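1. no sequence on hand, only this structure:
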């Protein structure tokens, strides 16, 4: 079983509060997952790699500016939103999923961790009344669907930070054809965590208009 030390290895500058919150994640999800299956049970031994470290690849490659508001589309069990909310306490995260039992777990984890910058909502993304500075998502839907769901929900220009795997050429081309001003940057997660074979085919995908915040 891999513990939270793997997070501390790659993110050595965490505060004591952040370290404690990351340490709490494993027991919290083990407890909730025994009752509501929000994570594959065979994944629990590798929870900190497959879910937390994976989510934190966005923290390595993307900029989250204090005061901004991000949506986590189809958050499922709370990923990547909860690890990012721990990492960036001055950024607001709204974690959205249409499945009530998952959102109930996410809300319980948020409360247990004392996260003041995270909110869980049971809703479809396209039905939300608020606007956002950026969006994150992990293996939820094709990028073109995410793009369409977020139309009319941007405070400024679209900025997506996505966690995806496999061959992405066709999926990305669909977005570019639909919105020709779209720019893209890819980061191979295997280059970030080069001793973790799990990430070999996984990528961070940035889709945006205008100048991106960080390479």
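-> In hand now; what should we look at? Bear in mind the structure is a predicted one, so any value in this text is a computation, not a measurement.
2. and the contacts of stretch 22-34?
-> 3-4, 7-8, 14, 38-39, 41, 44, 47-48, 51-52, 77, 82-83, 86, 105, 108-109, 112-113 (C-beta atoms under 8 Å, 6 or more residues apart in numbering). All C-beta spots, glycine's among them, are computed from the backbone N, C-alpha and C.
3. in contact with the nearest residue to residue 196 once chain neighbours are set aside, which residues are there?
-> Distance criterion C-beta to C-beta, 6 or more residues apart in numbering; nearest residue to residue 196, sequence neighbours excluded, is residue 49 at 6.2 Å. By C-beta under 8 Å, 6+ apart, the contact list for residue 49 reads 2, 6, 196, 198.
4. out of the residues you listed, name the ones that lie in helices.
-> residue 6 (DSSP state H).
5. which parts of the helix or strand bottoming out on mean pLDDT in the chain are buried?
-> Lowest on mean pLDDT, DSSP states H and E among the helices and strands of the chain sits helix 169-178, with a mean of 92. Using 16 or more other C-beta atoms under 10 Å as the test for burial, helix 169-178 gives 171-172, 175.
6. just the buried residues out of the contacts of stretch 22-34, in ChimeraX syntax.
-> Isolation of the buried members of the contacts of stretch 22-34 (16+ other C-beta under 10 Å) is achieved in ChimeraX through the command below:
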select :4,7,14,38,39,44,47,48,51,52,77,82,83,86,105,108,109,113
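7. in whichever helix in the chain runs longest, what counts as buried?
-> Using DSSP H to define each element, the chain has its longest helix at helix 16-33. By neighbour count with 16+ other C-beta under 10 Å, helix 16-33 contains the buried residues 18-19, 21-26, 28-29, 32-33.
8. average pLDDT across it?
-> Mean pLDDT, helix 16-33: 96.
9. how far does the helix or strand just after it sit from the chain's center?
-> Counting by DSSP states H and E, the element after helix 16-33 in chain order, helix or strand, is helix 47. Relative to its chain's centre, helix 47 lies at 15 Å (C-alpha atoms, centre = their mean, to the nearest Å).
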